[in-house]
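K.L.:
sequence and computational prediction follow.
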Amino acid sequence: MRNIKFTIAYDGTDFCGWQAQPGQTTVQGSLSDVLEKLTGSRPVIHAAGRTDAGVHAAGQVINFKTESAMRVEELHRAFNALLPPSIRVNAAQEAASEFHSRWDALAKTYRYRIFRGRVVSPFIWKFVHQDPHELNFEAMAEAAALFTGEHDFTSFAASTGSEEDDRERVTVRTIYSSEFLRVFNAGSQNEAEEWVYVVRGRSFMRNMVRKMVGTLLDVGRGRLTPPDLAELFALRDRSKSGPTMPPQGLCLESVEYAASGDPPPSDEGFK
């Protein structure tokens, strides 16, 4: 049995998220359909992270087990020939038998794009959240840095849908870096056409990044202040934090793995 690892990218606009669901078009389901056509079997395809409906990925990592004799290069080409153009396999390799794309991930990086102009280009509207209103960037950047470190993120994650599961899940997460960046576009009428939130951590709960961004926008609007984040961590109440932002601005940028038993990555002691 071989273990195949793909690094894939997808436009999540027309998908009901990663996870296969009966009667729904999903990323996992689309990949499984192609795998079944090529190999005659439908093994589980694992992903580093289960992105929600409308969320994109530039560096999602998946793996699956197969007895197919097709060379990795042939699988790579065949998948891209049969998949819809909104999903691309960017890299393919044969992994160690014990490799698991989710459980072996040491860090994931997400980005959330906020378009600051009043007119969104038709070429990017599916990948940004538009907010042209007055916001305090410096306060948002200060608050973003406070997410770094180990915290209980109960206030910043959606419910699992089950009260029992909510009580039993581990809600402490480690964030290696968290920052807001200004993206300047040459020739733009706006000083900064986009603000991009970039967060890198060990793992994330459902809707966690989108709720963190919603909280940071509340800081930018003056509804919260950076010091309020400490209270939100302590409250462990998701109704007290900011809103869950729309999915289209969010993208799973990359996933990191140890090359040979390396320790989990850190950002110089959560600088």
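P.N.:
That came through, no problem.

K.L.:
now do the helices in the stretch 51-200 of the chain.
P.N.:
Along the stretch 51-200 of the chain, counting by DSSP state H, counting those that start in this stretch, helices occupy 72-82, 137-145, 163-168.

K.L.:
nearest to residue 59, of these?
P.N.:
With C-beta to C-beta as the criterion, residue 59 lies closest to helix 72-82 of these, at 15.9 Å. For every residue, glycine as well, the C-beta is placed using N, CA and C.

K.L.:
tell me how far the closest one is from the chain's mean position?
P.N.:
How far helix 72-82 lies from its chain's middle: 25 Å, per C-alpha atoms, centre = their mean, to the nearest Å.

K.L.:
what is the rounded mean pLDDT of it?
P.N.:
Helix 72-82 carries an average pLDDT of 98.

K.L.:
same question for stretch 14-29.
P.N.:
95.

K.L.:
what of stretch 208-227?
P.N.:
For stretch 208-227, mean pLDDT rounds to 97.

K.L.:
and stretch 2-9, by the same measure?
P.N.:
98.

K.L.:
what lies in contact with that stretch?
P.N.:
When contacts are defined by C-beta atoms under 8 Å, 6 or more residues apart in numbering, stretch 2-9 is touched by residues 31, 56-68, 72, 75-76, 79, 87-99, 101.

K.L.:
in that stretch, what's buried?
P.N.:
By 16 or more other C-beta atoms under 10 Å, the buried positions in stretch 2-9 come out as 3-9.

K.L.:
would you turn those residues into JSON lines with secondary structure and distance to residue 25?
P.N.:
Rendered in JSON lines, the data for those read as follows (DSSP: H, G, I helix; E, B strand; the rest coil; distance: C-beta to C-beta, whole Å):
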{"residue": "3", "secondary structure": "strand", "distance to residue 25": "27"}
{"residue": "4", "secondary structure": "strand", "distance to residue 25": "23"}
{"residue": "5", "secondary structure": "strand", "distance to residue 25": "24"}
{"residue": "6", "secondary structure": "strand", "distance to residue 25": "19"}
{"residue": "7", "secondary structure": "strand", "distance to residue 25": "22"}
{"residue": "8", "secondary structure": "strand", "distance to residue 25": "16"}
{"residue": "9", "secondary structure": "strand", "distance to residue 25": "17"}
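
K.L.:
returning to that earlier point: so which of the helices of the stretch 51-200 of the chain is the most packed in?
P.N.:
Ranked by mean neighbour count under mean count of other C-beta atoms under 10 Å, those are led by helix 137-145, which reaches a mean of 18.
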